[in-house]
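In: sequence and predicted structure are below.
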Amino acid sequence: MNTDTVRFTGSTVRIRATGFPAASADPKPVPSIANAQAPVVEKNAVLQTSRAGHVILRHTSATIEVREVTTRRDRDTFVKFPWRIYERDPNWAPPLLLDVKAFLDPRKHPFYGHGAATQFVAYQAGQPVGRVLASDDPNYNQQHGTNLGCFGMFESIDDPSVAQALLIAAGEWLRRRGRAEIFGPIDYSTNYPCGLLIDGFDTPQRVMMNHNPPYYGALLEACGLVKAKDLFAWWFDDSNDMLHKWAKRAERFAARGGVTVRPISRKNFDAEVARCQGSYNDSWEKSWGFVKMTDAEFKHLALELKKYAVAELVLLAEVDGEPAGLCITLPDFNEATRPINGRLTTFGLPIGLARLLYNVRHIKTARMAVLGVVEKFRRRGVVEMFILQTLAAGIARGYTGAELSWTLEDNDLINRTIEKVGGRRYKTYRLYEAAIA
C-alpha cells in the first residue's frame with residue numbers, strides 16, 4: 001500500500017503523491033486516492049491554506065482555491081452553481097432554490113440535531129468551478145462500527161484538478177473530526193439523495209434522485225476513489241400487462257401469509273406515522289449502508305409526505321395487526337418544477353408558484369421511493385402486493401410510468417422479484433470510497 005500522503009502541517013505542504021493515504025490501522029484495505037492510476041495533481045504542486053482557512057491548490061497550469069461556505073454570498077454561489085453544469089441538459093430537473101437552502105440550513109434540517117456538515121466551493125480565476133458537501137454522521141458510525149464521513153452534492157467542471165481540490169478540502173475537514181475514510185456521493189446519509197449516475201444519462205431525473213454528466217465518474221476515479229456499491233433504479237410502465245398477470249397470484253401469496261396491504265389513514269396521521277417509522281427502521285436495519293432515521297428526521301419526512309404525498313400511494317402492510325412493511329410512492333414533482341427553473345417568483349411576482357400549482361395537477365409519472373418488508377415477514381408476497389397495488393393506483397390516476405429506486409446491486413431477492421413483476425433496470429448509481437489521513 002502506498003503510504004504517500006497529503007496532510008496539512010502548516011501554511012504550505014508539498015504533494016508527494018495524489019491524494020489521501022489508506023489508514024494503516026483499518027482492517028479493511030480501502031484503496032487510497034494516492035493510488036490513482038493517473039496523476040491528477042503534478043508532483044511539484046503546492047497545497048496551501050490561506051489566512052481565512054481556504055484550501056489553495058497551486059500548480060503550473062492553474063490555481064484552484066477552495067473556500068468553505070461561511071457567508072450568504074458563499075451559500076448563494078454554492079446553491080446556484082449547478083446551473084452552470086446543466087444549462088443544456090434537458091434531463092436535469094432544476095431544484096427549487098428555497099428547498100436547497102432549507103436542506104442546507106442547520107436551523108431547519110433535522111440532520112444537524114445529531115450530525116455536522118459544511119460546504120465548499122472551488123474557484124479558478126475568480127469564477128466558481130465546483131462544489132462539494134462534507135458531512136459527518138456519528139449515528140451511522142455507531143450503528144456500523146465504522147469511522148467514515150461523507151461527501152455529497154458534488155459538482156465540477158470537467159477538470160480533474162478541480163475534483164481533487166474539492167475532495168482534499170472535504171477530506172481535510174473530515175480528518176480534523178477524526179474520520180479515516182470518505183464515502184459518497186451521499187447527501188448526509190443514505191436516507192437522502194445519494195449515488196453517482198453511471199448509466200441512464202438519457203432519461204429524466206426523478207424526484208429526490210441524483211443526476212450528473214457522464215464525466216463525473218472518471219473525475220472521481222482519477223482521484224483514486226473506488227467503487228463501494230452500485231444502486232439500481234427500475235422502470236415500470238406495465239407495457240406487458242403484468243398487473244393482470246400477477247394480481248391473482250399475489251393475492252394468493254398474501255392470503256396464505258395473512259398479509260393485509262392498505263393506504264395510510266389521514267384521519268389518524270400521527271399514529272400512522274409512528275407505525276411507518278417502526279416499519280421503515282425495522283425493514284432496513286441490517287441493510288448495507290442504512291442508518292436509522294431519528295425521531296426528528298422521520299417527523300420531518302412525515303410533514304413532507306403530509307404536504308405532497310397521495311394517500312393511496314403510501315401503503316402499510318400488516319400481519320394480524322402488526323406492521324410488516326412500508327411502501328411510499330411520490331408523484332414525480334420534478335415534472336412540475338422543471339419548467340420553472342428553480343424560482344417561485346419573478347420580479348417579486350409568484351409567477352413560478354402559479355405555474356407549479358398548475359403543473360402539479362398534470363404530473364404523469366411517479367417514483368416508488370420506499371419499499372421495505374420487515375425481515376420475518378419476507379417471502380409472503382408483500383413486495384408483489386406493494387408493487388401491484390401501487391401500479392393499480394397509479395394507472396387509476398393516469399400515470400404512464402414510475403421509477404422504483406433504489407435497490408442494492410447484490411439484493412438478489414428483491415431484484416429478482418422486481419423483474420418478475422415487470423420492472424426494467426434502466427439506471428445505475430455508484431457509491432465510492434477512499435481512505436483519508
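Out: In hand now; what should we look at? Numbers count the residues shown, from 1 in each chain.

In: burial measure for Trp406, as a count.
Out: 21 (other CB atoms under 10 Å). The way it works is simple: take the backbone N, C-alpha and C, and place the C-beta from them, glycine included.

In: so what pLDDT did the closest residue to it other than its chain neighbours get?
Out: Using CB to CB, 6 or more residues apart in numbering and skipping the chain neighbours, the partner closest in space to Trp406 is Leu231 (4.0 Å). You'll see Leu231 listed with a pLDDT of 97.

In: doesn't Arg425 make contact with Leu231?
Out: No. Counting by CB atoms under 8 Å, Leu231 does not reach Arg425; the two are 10.8 Å apart.

In: okay, the two: which has more neighbours?
Out: Counting neighbours by other CB under 10 Å for Leu231 and for Arg425 shows that Leu231 has the greater number, 24 against 17.

In: that one bridge partners, please.
Out: Note on Leu231: beta-bridge partners Leu408, Tyr429, judged by DSSP bridges.

In: identify the residues contacting the residue nearest to Trp406.
Out: Contacts here follow CB atoms under 8 Å, 6 or more residues apart in numbering; on that basis Leu231 touches Cys194, Gly195, Ser405, Trp406, Thr407, Leu408, Glu409, Thr428, Tyr429, Arg430, Leu431.

In: quick check: the gap between it and Gly195.
Out: 5 Å (CB to CB, to the nearest Å).

In: could you do Leu408 as well?
Out: Using CB to CB, Leu408 is found at 11 Å from Gly195.

In: between these two, which one's more packed in?
Out: Neighbours per residue (other CB under 10 Å) separate Leu408 from Gly195, with Gly195 holding more: 26 against 16.

In: and the more buried one, what does it touch?
Out: With CB under 8 Å, 6+ apart, Gly195 has these contacts: Pro185, Ile186, Asn210, Leu231, Trp406, Tyr429, Arg430, Leu431.

In: what sits against the spatially closest residue to it that is not a sequence neighbour?
Out: Leaving aside its chain neighbours, Gly195 sits nearest to Tyr429 (2.9 Å; criterion: CB to CB, 6+ apart). Contact analysis of Tyr429 by CB under 8 Å, 6+ apart lists Cys194, Gly195, Leu196, Leu197, Ile198, Met209, Asn210, Asp230, Leu231, Phe232, Ala233, Trp406.

In: what about 6 Å?
Out: Shown in contact with Tyr429 (CB atoms under 6 Å, 6 or more residues apart in numbering): Gly195, Leu197, Leu231.

In: cool, and Ser279?
Out: Counting by CB under 6 Å, 6+ apart, Ser279 has contacts Pro323, Gly325, Leu326.

In: let me see the ranges of the strands in the stretch 101-250 of the chain.
Out: 116-124, 127-136, 148-156, 181-184, 196-199, 226-236 (DSSP state E, counting those that start in this stretch).

In: the stretch 301-437 of the chain now?
Out: Assigned by DSSP E, counting those that start in this stretch, the strands in the stretch 301-437 of the chain fall at 314-319, 322-331, 365-373, 401-408, 424-435.

In: now the strands of the stretch 101-250 of the chain as CSV including distance to Leu353?
Out: As requested, the strands of the stretch 101-250 of the chain are exported to CSV (distance: least, CB to CB, whole Å):
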stretch, distance to Leu353
strand 116-124, 27
strand 127-136, 27
strand 148-156, 25
strand 181-184, 33
strand 196-199, 29
strand 226-236, 30
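
In: what about the stretch 101-250 of the chain, any weak spots by pLDDT?
Out: Low-confidence segments of the stretch 101-250 of the chain (pLDDT under 70): 238-240, 242.

In: pull the residues that contact stretch 334-351.
Out: For stretch 334-351, the external contacting residues (CB under 6 Å, 6+ apart) are 93-94, 96-97, 205, 207, 352-353, 355-356, 359-360, 363.

In: again, 8 Å this time
Out: Contact with stretch 334-351 is made by 83, 93-98, 204-207, 352-353, 355-356, 359-360, 362-365, as judged by CB under 8 Å, 6+ apart.

In: let me know how buried the residue nearest to Gly217 when sequence neighbours are not counted is, in neighbour terms.
Out: Leaving aside its sequence neighbours, Gly217 sits nearest to Ile198 (CB to CB, 6+ apart; 5.1 Å). Other residues near Ile198 number 17, with proximity taken as other CB under 10 Å.

In: ok, Glu375 next?
Out: Using other CB under 10 Å, Glu375 has 11 other residues around it.

In: what pLDDT does the model give Glu384?
Out: 84.

In: for Leu388, give its distance to Leu243.
Out: Taking CB to CB, one finds Leu388 at 6 Å from Leu243.

In: of these two, who's got more company?
Out: Neighbour comparison, Leu388 and Leu243: the larger count goes to Leu388, with 24 against 19 (by other CB under 10 Å).

In: can I assume that one is in contact with Val421?
Out: Yes. Leu388 lies in contact with Val421 (CB under 8 Å); the separation is 6.6 Å.

In: re earlier: out of the strands of the stretch 301-437 of the chain, which is closest to Gly126?
Out: Nearest to Gly126, of all the strands of the stretch 301-437 of the chain, is strand 424-435, at 29.8 Å by CB to CB.

In: just the buried positions in that closest one, please.
Out: Buried residues in strand 424-435, counted by 16 or more other CB atoms under 10 Å: Arg425, Lys427, Thr428, Tyr429, Arg430, Leu431, Tyr432, Glu433, Ala434, Ala435.

In: cool, and stretch 214-223?
Out: For stretch 214-223, the neighbour count (16+ other CB under 10 Å) marks Tyr216, Gly217, Leu219, Leu220, Glu221, Ala222, Cys223 as buried.

In: and what of stretch 396-403?
Out: Tyr399, Ala402, Glu403.

In: again with stretch 75-82
Out: Arg75, Thr77, Phe78, Val79, Phe81, Pro82.

In: my guess is the third one contacts Ala122, does it?
Out: No. The pair Phe78 and Ala122 fails to qualify as a contact (CB under 8 Å) at a distance of 10.5 Å.

In: which neighbours do these two share?
Out: Arg131.

In: so which of the buried residues of stretch 75-82 is the closest to Ser283?
Out: Nearest to Ser283 among these, counting by CB to CB, is Pro82 at 32.3 Å.

In: over to that closest one: give its phi and psi.
Out: Dihedral pair for Pro82: phi -50, psi -30, per degrees, to the nearest 10.

In: relative to Asp199, how far out is the residue lying closest to Asn147 once chain neighbours are set aside?
Out: Excluding its sequence neighbours, the residue lying closest to Asn147 (CB to CB, 6+ apart) is Ala180, at 4.7 Å. Distance, Ala180 to Asp199, by CB to CB: 31 Å.

In: comparing the two, which residue is more hemmed in?
Out: Ala180 (20 against 16).

In: shouldn't the more buried one be in contact with Ala435?
Out: Yes. Between Ala180 and Ala435 there is a contact under CB under 8 Å: 6.3 Å.
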